[in-house]
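J.: below is the structure, and that's it, no one-letter string:
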Ligand SMILES: [Zn+2]
């Protein structure tokens, strides 16, 4: 299993000289399982450059930790959603008001985006993440609620003897992911020097715990 961070900012994308090294996009992590399956964690602005690398991928899974803007603001610009040959399965937390599918479809519709949801060309499936573990591309996927405003999940993927975890607020999660406060102004500052990572054992969507260098396209 390999993880690559395409966006590690909270709250707002932060382009500029101050983020040239660590990248300025909001939350998005790409995970490739041992079978080659593509799993994407969150859909911040980092998902746009990721989508540009996925031509020819016919199916993938997108795990949303929650629906705060910095975790979904790139979704409409994700190229696979506009690919007639692609199937995109979106997973996320059950909502307190309405369904996850209604929330996502609303976000992918006017007035938030010019195209109606029905005109996205991919086959889009939207699922509330189950309480029981499930499988994606041979990886074992588990999730747990975390302490964060609104319905929020942390995810853990186990595959080939390695695990990746993504969370926005880890301290109350039984999955014990990295220390990653989210949606705070603190997380918009570059405070670490991430290193390149192949076969990363931990994937975070926040700059404070980044273990992999953002790809060139995400800077
Ligand atoms: Zn948040």
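T.: All right, it came through fine. Everything numeric in this text was worked out from a predicted model, so none of it was measured. Residues are numbered from 1 along each chain as shown.

J.: which parts of the chain are helices?
T.: With DSSP state H, the ranges of helices along the chain come out as 47-51, 100-107.

J.: same list, those, but as JSON lines with mean pLDDT, distance to residue 81 and mean neighbour count please.
T.: For the C-beta atoms, the positions are set from N, CA and C on the backbone; glycine is no exception. Converted to JSON lines, those look like this (pLDDT from 0 to 100; distance: least, Cβ to Cβ, whole Å; neighbours: other Cβ atoms under 10 Å):
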{"stretch": "helix 47-51", "mean pLDDT": "98", "distance to residue 81": "8", "mean neighbour count": "25"}
{"stretch": "helix 100-107", "mean pLDDT": "98", "distance to residue 81": "11", "mean neighbour count": "17"}
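
J.: TSV for those helices, including distance to residue 143?
T.: Supplementary listing: the helices of the chain in TSV, determined by distance: least, Cβ to Cβ, whole Å:
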stretch	distance to residue 143
helix 47-51	19
helix 100-107	13
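
J.: ok, which of these comes nearest the ion?
T.: Taking Cβ to the ion, helix 100-107 is the member of the helices of the chain nearest to the ion, at 14.3 Å.

J.: spatially nearest residue to residue 128 (excluding sequence neighbours)?
T.: Leaving aside its chain neighbours, residue 128 sits nearest to residue 94 (4.5 Å; criterion: Cβ to Cβ, 6 or more residues apart in numbering).

J.: may I have the distance across stretch 73-81, first residue to last?
T.: The straight-line separation of the ends of stretch 73-81 (Cα to Cα, to the nearest Å) is 14 Å.

J.: look up how far the ion lies from the closest residue to residue 72 other than its chain neighbours.
T.: With Cβ to Cβ, 6+ apart as the measure, residue 43 is the residue that lies nearest to residue 72, at 5.0 Å, once sequence neighbours are left out. In this structure, residue 43 lies at 13 Å from the ion, with Cβ to the ion, to the nearest Å as the measure.
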